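In: model this:
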Amino acid sequence: MNKAVDFTQGKPLSLIVRFSVPIFIGYLFQQVYSLVDRIIVGQFVGATAFSAVGSTTAITTMFMSMCMGAAAGTGVVVSKYYGARDEKNTARAISNGMYVNIAIALVMTVIALASTKPILALLQTPAELMDDAVSYMLIIMAGLIAVSAYYAPFSIMQALGDSTTPLLFLIFCSILNIVLDILFVGPLQMGVNGAAIATVLAQCISALCCTVYAFRKIPIVKMAVKYAAIDKEIIRETIRIGLPTGVQFALVYLSSVILQMIVNRFGTPVIGAFAATTQVEVLIQQIYATLGTTMATYAAQNIGAKKPERIQQALRVVLFLCAGVSALWLICALLGGNYIMGIFVDDNAMTGIAANGVRITAVFFMAFGVTTILRRLLAGIGDSAFTLTSGILEIAVRIIFGFLLTSIPVLGMWGIWLTTGFTWLATAIFAIWRYKRKLSGS
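Out: Prediction:
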């Protein structure tokens with residue numbers, strides 16, 4: 001366990017950097033292979049196929065989010081007991097957390113497979129995109145159990161303070177996915193199905209390797225086998241934290257699904273442009289996700305160690321880093337938007353729309369960072385109520401602004417990107433309000 005970071009002692013900045021850099025590199029690799037996946041489809045198969053895959057992003061992520069929420073809940077519970085130096089309950093939290101993850105993954109797989117085509121039809125996916133969108137999404141949804149097996153061990157190891165080992169498996173998974181993408185979509189000419197199969201297969205192999213490593217090399221994970229009996233209290237605690245987190249993630253992406261329906265009304269070029277801007281934004285957002293994940297683990301360990309004063313010290317450092325990243329991305333988007341968007345597809349109309357869209361959302365990135373960091377911090381200290389209410393607020397704001405702004409003639413399709421920005425701003429204000437109330441003990 002010499003790779004583990006103990007957040008309960010030491011200077012916050014050095015601990016945050018030590019823990020977050022491997023997580024960020026891992027997240028970056030994870031998004032890079034998603035980017036490569038889209039680029040390969042766009043360049044090898046065409047702009048229409050790129051738009052088809054892009055039209056499924058919000059929907060597939062909505063279903064995956066429940067698995068990610070379960071993994072996050074497991075991580076918070078494990079962190080709490082680990083911070084309190086309670087080895088037996090840490091081991092119980094690991095084993096029972098895996099039960100929760102498997103159960104949620106199986107339920108979501110059944111729901112996703114049954115609803116794929118009806119959802120795409122409901123969203124008015126253009127006819128020329130429908131076949132590719134359906135086949136791509138069915139393959140990805142059939143692999144939800146792989147998503148769960150992929151995220152749960154990573155979350156557990158990060159909860160134990162080890163962010164380096166998950167990084168190595170993420171790098172392996174990313175490289176494998178890229179190689180399989182090129183093979184399946186290129187020489188084998190499997191189209192969008194090849195891209196989907198490559199993603200699922202890479203996740204399966206990486207999850208297997210990560211799980212085997214954890215059980216062989218990490219003592220506290222080995223103990224989980226000994227304490228594998230069902231513990232109803234720990235399962236309830238994991239569900240209490242993980243389910244609202246998953247539902248909040250799902251609500252966020254449900255609102256994105258509804259926004260996708262609005263996007264679909266503007267036709268294939270706008271669908272492709274929105275998919276491209278979303279993909280680039282998600283890449284930049286991994287910095288904020290990294291800082292948020294770090295704060296969740298930091299907060300959970302210090303709550304377990306009864307040192308809440310350390311949390312505020314760390315938050316100041318993290319928000320300063322967030323502000324720097326936001327300013328840098330705004331400059332890049334304003335000056336190099338066309339070049340960045342041109343990486344995806346060789347389509348001038350689509351690239352031009354995407355470049356202007358990303359300039360609009362870049363203005364609001366600091367708000368997104370604040371929302372992400374405070375959400376995960378509050379989840380780390382067990383504030384599951386905020387996680388859920390924040391998700392409800394986000395879906396309401398995105399739907400209201402989505403229909404309202406795009407219906408204004410002078411804005412039209414640009415209302416899509418303004419909706420994203422205003423949604424981030426509203427949720428950031430709510431997150432700040434909630435954190436201040438929590439800090440004051442309200």
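In: Where does pLDDT dip in this protein?
Out: Applying pLDDT under 70 to the chain flags the ranges 1-5, 27, 30-35, 43, 163, 248-249, 252-253, 344-346, 384, 439-442.
In: List the contacts of T109.
Out: The contact partners of T109, by CB atoms under 8 Å, 6 or more residues apart in numbering, come to 141-142, 144-145. In short, each C-beta sits where N, CA and C put it, glycine included.
In: out of these, which are inside helices?
Out: Among the contacts of T109, the residues falling in helices (DSSP state H) are 141-142, 144-145.
In: Show me the strands in the stretch 151-300 of the chain, by range?
Out: Read by DSSP state E, counting those that start in this stretch, the stretch 151-300 of the chain holds no strands at all.
In: With adjacent residues omitted, what lies nearest to I311?
Out: Closest residue to I311 in three dimensions, ignoring its sequence neighbours and counting by CB to CB, 6 or more residues apart in numbering: A299, at 5.0 Å.
In: quick one: that neighbour and R375 touch, right?
Out: No: if you go by CB atoms under 8 Å, A299 and R375 don't touch, sitting 11.6 Å apart.
In: A159 is in contact with V78, isn't it?
Out: Yes: under the criterion of CB under 8 Å, A159 is in contact with V78, at a separation of 4.0 Å.
In: hmm, back to that, residues near the residue nearest to I311, how many?
Out: The burial count assigned to A299 is 29, neighbours taken as other CB atoms under 10 Å.
In: And it, how far from I197?
Out: According to CB to CB, to the nearest Å, A299 stands 39 Å off from I197.
In: Ok, L188 next?
Out: 10 Å.
In: So between the two, which is more surrounded?
Out: Neighbour count, other CB under 10 Å: between L188 and I197, I197 has more, with 21 against 12.
In: list the contacts for the more buried one?
Out: So I197 contacts 139, 180, 184, 190 (CB under 8 Å, 6+ apart).
In: State the pair within these that is farthest apart.
Out: Spatial extent of the contacts of I197 (CB to CB) is set by the pair I139 and L180 at 12.8 Å.
In: ok, those two, which is more surrounded?
Out: Of the pair I139 and L180, L180 is the one with more neighbours under other CB under 10 Å, namely 22 against 18.
In: Quickly note the distance from the closest residue to the more buried one other than its chain neighbours to A47.
Out: Leaving aside its sequence neighbours, L180 sits nearest to A198 (CB to CB, 6+ apart; 3.6 Å). From A198 across to A47, the span is 20 Å (CB to CB).
In: more crowded one of these two?
Out: When A198 and A47 are compared for neighbours, A198 comes out ahead with 26 against 20, by other CB under 10 Å.
In: what ranges do the helices span in the stretch 101-250 of the chain?
Out: 127-142, 144-159, 164-185, 191-217, 219-226, 232-264 (DSSP state H, counting those that start in this stretch).
In: Dump those helices into CSV; add distance to A323 as well.
Out: What follows is those, written out as CSV (distance: least, CB to CB, whole Å):
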stretch, distance to A323
helix 127-142, 35
helix 144-159, 24
helix 164-185, 25
helix 191-217, 34
helix 219-226, 36
helix 232-264, 23
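In: Out of the ones you listed, indicate the one that is most buried.
Out: Most buried of those, by mean neighbour count (mean count of other CB atoms under 10 Å): helix 144-159, with a mean of 26.
In: Which strands or helices does that one pack on?
Out: helix 57-83, helix 87-122, helix 164-185, helix 191-217, helix 268-304 (3 or more CB pairs under 8 Å, 6 or more residues apart in numbering; DSSP states H and E).
In: Could you rerun that using 10 Å?
Out: Applying 3 or more CB pairs under 10 Å, 6 or more residues apart in numbering; DSSP states H and E, one finds that helix 144-159 contacts helix 12-40, helix 57-83, helix 87-122, helix 127-142, helix 164-185, helix 191-217, helix 219-226, helix 268-304.
In: what angle separates the second one from helix 268-304?
Out: Spelled out, that is helix 57-83. With axes from the mean of the first three to the mean of the last three CA atoms, to 10 degrees defining the directions, helix 57-83 sits at 10 degrees from helix 268-304.
In: For helix 57-83, what is the distance to the chain centroid?
Out: Its chain's average C-alpha position is 9 Å from that of helix 57-83, according to CA atoms, centre = their mean, to the nearest Å.
In: Equivalent analysis for the shortest one, please.
Out: In this view, helix 219-226 has its centroid 28 Å away from the chain centroid, taken as CA atoms, centre = their mean.
In: Which other helices and strands does it contact?
Out: Secondary-structure packing of helix 219-226 (3+ CB pairs under 10 Å, 6+ apart): helix 57-83, helix 87-122, helix 144-159, helix 191-217.
In: Any idea which of those gets closest to T277?
Out: helix 57-83 (11.4 Å).
In: Quick check: closest non-adjacent residue to C67.
Out: Once flanking residues are discounted, C67 sits nearest to S148: 4.3 Å by CB to CB, 6+ apart.
In: Just the terminal-to-terminal distance for stretch 400-418.
Out: 12 Å (CA to CA, to the nearest Å).
In: Grab the nearest non-local neighbour of R216.
Out: Leaving aside its chain neighbours, R216 sits nearest to K222 (7.8 Å; criterion: CB to CB, 6+ apart).
In: That neighbour and D6: what is the separation?
Out: 20 Å.
In: do the same with Y99
Out: As judged by CB to CB, Y99 and D6 stand 28 Å apart.
In: which among the contacts of I197 gets closest to T61?
Out: The nearest one, if we look at the contacts of I197 relative to T61 and count by CB to CB, is I139, at 15.0 Å.
In: okay, and the common contacts of A159 and V78?
Out: 90, 93-94, 97, 297, 300 (CB atoms under 10 Å, 6 or more residues apart in numbering).
In: I'd like those residues written out as a markdown table, with distance to L168 and neighbour count added.
Out: Shown next, in a markdown table, are the shared contacts of A159 and V78 (distance: CB to CB, whole Å; neighbours: other CB atoms under 10 Å):
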| residue | distance to L168 | neighbour count |
| --- | --- | --- |
| T90 | 23 | 26 |
| A93 | 24 | 30 |
| I94 | 20 | 31 |
| G97 | 22 | 29 |
| T297 | 18 | 29 |
| A300 | 23 | 28 |
